[in-house]
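A.B. asks: Here is a sequence together with a model predicted from it:
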Amino acid sequence: MIYIISAVFLVLVLTTMVFILINSLSGEDEQRQNFYEMQYPSLNVLLIIDSELESQLDNVMLMRLDVENDEIIVTALDVDWATTVGGRGASLAEHYAYGTEMVLKAAIGEILNIEIDRYAIIGRQIFATMVDNFGGVVFDVTQNLEIDVPNGLPIIIDGGVATLAGMQAFSVLSFDDWDDASSLEVQEELLAAIINTRLSERNLSRSSVNFNAFINNVGSDISAMDGVRYLQFLENFKENEGEVRTFTLEIEDGAIISRNLRDFRAIFAPED
């Protein structure tokens, strides 16, 4: 009799344990699903392109991951724009050379009155390496170029649609003497093309590798957790056939015209 009671008791215990385990696994699946369904805040990211020559600021761009509207928007900023930070009047390039990214962020915040959530300082070599890792970027170069390279041979690019290797893309990004377009517009369009290439199915499948290569070689406050949080946004953006949108600030007498600045702030600093 005691054996029968023990057997029944054992069956009850095992059944209870299996039930708890199943519920536990189910709960983990639900938590995992809820984690990926969580909507994280939109981000304004400052991209600082540094030629690595005495902290020279080649380009500075703002990228917004607009989670609510499922958009990615990029705007190029003129490194010669001047403003006063801490009683010191200087251009963005001079502020960066003087006080690195912290003073640059303050200067841009003063001009545009927006909050910058993250920043990344990307040197010439890591920029070129990332583009090469994506297999290059297809871009319409609107004129023949011969660009001098410090301590190297000139980079020659024939005008027209071409797949640019990393160092070619960096040279196009830094070129500022275009015949039929402003350098800021070219910077925006090239960055948009690079991001769209980055978001291809092939490159998204290698996101962790690409992200680690990026985060280990740049000065940035973008964290590994940011990569986890916003990967779902990037995947959804691509699944919805999203294309990066450019927003060029209009300059008049060295200043952003007021209406254009209002339009910009409506995107990068929307009202709560």
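C.D. replies: Received the coordinates, thanks.
A.B. asks: going forward, measure contacts between C-alpha atoms and count neighbours the same way
C.D. replies: Fine.
A.B. asks: Could you list the low-pLDDT ranges of this protein?
C.D. replies: 1-38, 52-55, 201-217, 272 (pLDDT under 70).
A.B. asks: In it, where's the longest strand?
C.D. replies: When the chain is scanned for its longest strand (criterion: DSSP state E), the result is strand 57-66.
A.B. asks: just so I have it, where are all the helices in this structure?
C.D. replies: If DSSP state H is used as the criterion, the helices of the chain fall at 2-37, 92-112, 124-133, 166-174, 183-198, 201-204, 207-215, 224-239, 258-268.
A.B. asks: just to revisit the earlier point, other SSEs contacting the longest strand of the chain?
C.D. replies: Under the contact criterion of 3 or more Cα pairs under 8 Å, 6 or more residues apart in numbering; DSSP states H and E, strand 57-66 touches strand 43-50, strand 71-77, helix 92-112, helix 166-174.
A.B. asks: what is the orientation angle of the third one with strand 43-50?
C.D. replies: If I follow you right, that is helix 92-112. Computed by axes from the mean of the first three to the mean of the last three Cα atoms, to 10 degrees, the angle separating helix 92-112 from strand 43-50 equals 160 degrees.
A.B. asks: Ile122 and Asp50 touch, don't they?
C.D. replies: Yes: Ile122 lies in contact with Asp50 (Cα atoms under 8 Å); the separation is 6.0 Å.
A.B. asks: hmm, back to that, tell me which residues are up against the longest strand of the chain.
C.D. replies: 42-51, 71-79, 93, 96-97, 173-174, 188, 268 (Cα atoms under 8 Å, 6 or more residues apart in numbering).
A.B. asks: Give the pairing partners of that strand; include direction for each.
C.D. replies: Sheet pairing here is set by DSSP bridges, and for strand 57-66 it gives strand 43-50 (antiparallel), strand 71-77 (antiparallel).
A.B. asks: Of all those strands, which one comes closest to Ile147?
C.D. replies: Closest to Ile147 of the strands paired with strand 57-66, according to Cα to Cα: strand 43-50, at 17.1 Å.
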